[in-house]
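**Q** Predicted model and sequence follow; I will ask about them next.
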Amino acid sequence: MLSVLLVAGVAIGLVQHHRNWKLTIAAGGRSGESFVLAQALKTVAERHHPELAIVVRETGGTAENLALLESGQADVATAQADVPAGKSARLIASLYADAFQLLVRSGSPIRAFPDLAGKRIALPTKGGQFQSFLNVADHFGFDRASFEFLEDDESGAAFLEGRADALFRVRAMGNPSIGKLARDGKVRLIPIEQAAAMRIRTPAFQPAVIPQGAYLGNPPIPVTDTPTVVVQRTLMARVDTPAEPIRWLTANLIEDREEIAHEIPDAYAEVRPLLASIRKPDDSSGLGAGIHSGAIEYYDKDKLSFVQDHADFVALIFSAIVLAASWLWELKRWLGRKQKNRADAYNHQMIQLMCQAQAAASESDLSRIRKELMSILIVSVNDLDEDRISEESFQSLRAIWQISVDAVRERTALVQADAAHQGLG
């Protein structure tokens, strides 16, 4: 039974090791950096691991991504680090920094974030961007009711048309959609200051600067270095997503960046430099989520001992050793039973001969019994030499043989005494 269980365990382990995996990645809007990067990662990961199939799902952003992750409709998701994740979320990697970018039209009197009070903002009231805006507003003493929000999907065009006073986006610096607005020459970037102070309540916030000329060099847009806030865009997985495919994804992200860059279309060439920012997540994410076990396996691969690094192989060897040991133990028991059975047969013969000796009435019968006992002793000694009986069984056999010989000797003396008595009479 032990052998069957071990073989079954090894078989199940091998099947699990070579099974096919399917992952769904919730990655935001189709034109966003996260979606473009996820599509390139899918191509590279599937090329390296044919047993892995990835579906990249277009979504409305961080909030929807995390909801899909928590409900089990997605296995992996991209998310802003300042948006709280559910209890099922675990980190894989920090992808790149998302910058808070606030734009107004060139002639607007708005010069700082507090000037937005009572104004209409081109920003849908769902998703991670909206939560980020409210976090900044809260720092300056405002709440949702302090602003009006433009909900339609064409909020960028609506902003340019004057239907909104400002536009707020959380995007990587150099984002093409913001760049297009900036290069029209009719907008300017507003600084978002006091980022270091905001970190007290929102640890995921980090101070940063949008460099002068980030979107256009002549004339420079922005015209000066512009303070702002950045948060990390992270890649997360459900805690119950198997470790092996997550370890593969982590390895591809860290080790195959050049290959991933080649899979990003030229139309989204601005996404390629973001690959340089991919790294192991740390406490600055502010999410409070642990790192997924599969990602930990990759990040700690250099710390693993030989046994840990070759766990599957060691487990297989150990199983084989235990299996062989169980077989050897069973073989030893079988040989022991066989040796005992042989010794028992000799003992049975000697007991029968002893009974015959007790009933014998002539010296010739006793002489025959003595010869048979000697024959059994000779054969048993030979069996001992050939390991057909054990030392322990031989010692037991020899004791019974000695008792049998003594019984024959005593019976012989009695028969001889009876014969002498009858001769005198």
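**A** On my side now, so go ahead.
**Q** Help me confirm that Ala289 is found in a helix?
**A** No: according to DSSP: H, G, I helix; E, B strand; the rest coil, Ala289 belongs to no helix; its state is coil.
**Q** So it is in contact with Ile92, correct?
**A** No: Ala289 is beyond contact range of Ile92, at 10.3 Å (criterion: C-beta atoms under 8 Å). All C-beta spots, glycine's among them, are computed from the backbone N, C-alpha and C.
**Q** contacting residues for Leu216?
**A** 179, 182-183 (C-beta atoms under 8 Å, 6 or more residues apart in numbering).
**Q** For Phe318, state which of those is nearest.
**A** Gly179 (58.7 Å; C-beta to C-beta).
**Q** Tell me the predicted confidence for the closest one.
**A** Among the per-residue scores, Gly179 shows a pLDDT of 86.
**Q** What's the separation between it and Pro265?
**A** Per C-beta to C-beta, to the nearest Å, Gly179 is found 17 Å from Pro265.
**Q** Pick out whichever of those two has more residues nearby.
**A** For Gly179 versus Pro265, neighbours defined as other C-beta atoms under 10 Å are more numerous around Gly179 (17 against 10).
**Q** Double-check that the more buried one belongs to a strand.
**A** No: assignment of Gly179 by three-state DSSP gives helix, placing it outside any strand.
**Q** Surely it and Tyr215 touch.
**A** Yes: contact criterion C-beta under 8 Å: Gly179 and Tyr215 qualify, at 4.7 Å.
**Q** list the residues that contact both of those two?
**A** By C-beta under 8 Å, 6+ apart, no residue touches both Gly179 and Tyr215.
**Q** and the nearest residue in space to Phe168 that is not next to it in sequence, what does it touch?
**A** Excluding its sequence neighbours, the residue lying closest to Phe168 (C-beta to C-beta, 6 or more residues apart in numbering) is Leu123, at 4.8 Å. When contacts are counted by C-beta under 8 Å, 6+ apart, Leu123 is found next to 129-130, 133, 149-150, 155, 167-169.
**Q** Specify which member of these is nearest to Ser31.
**A** Arg169 (12.5 Å).
**Q** And the closest one, what's its pLDDT?
**A** 92.
**Q** tell me the SS of it?
**A** Three-state call for Arg169 (three-state DSSP): strand.
**Q** Show me where the stretch 101-250 of the chain has its helices.
**A** In the stretch 101-250 of the chain, the helices defined using DSSP state H, counting those that start in this stretch lie at 128-139, 155-160, 176-183, 195-198, 243-255.
**Q** Going by neighbour count, list what's buried in whichever strand or helix holds Ala53.
**A** Using DSSP states H and E, Ala53 sits in strand 52-57. Residues of strand 52-57 classed as buried: 52, 54, 56-57 (neighbour count, 16 or more other C-beta atoms under 10 Å).
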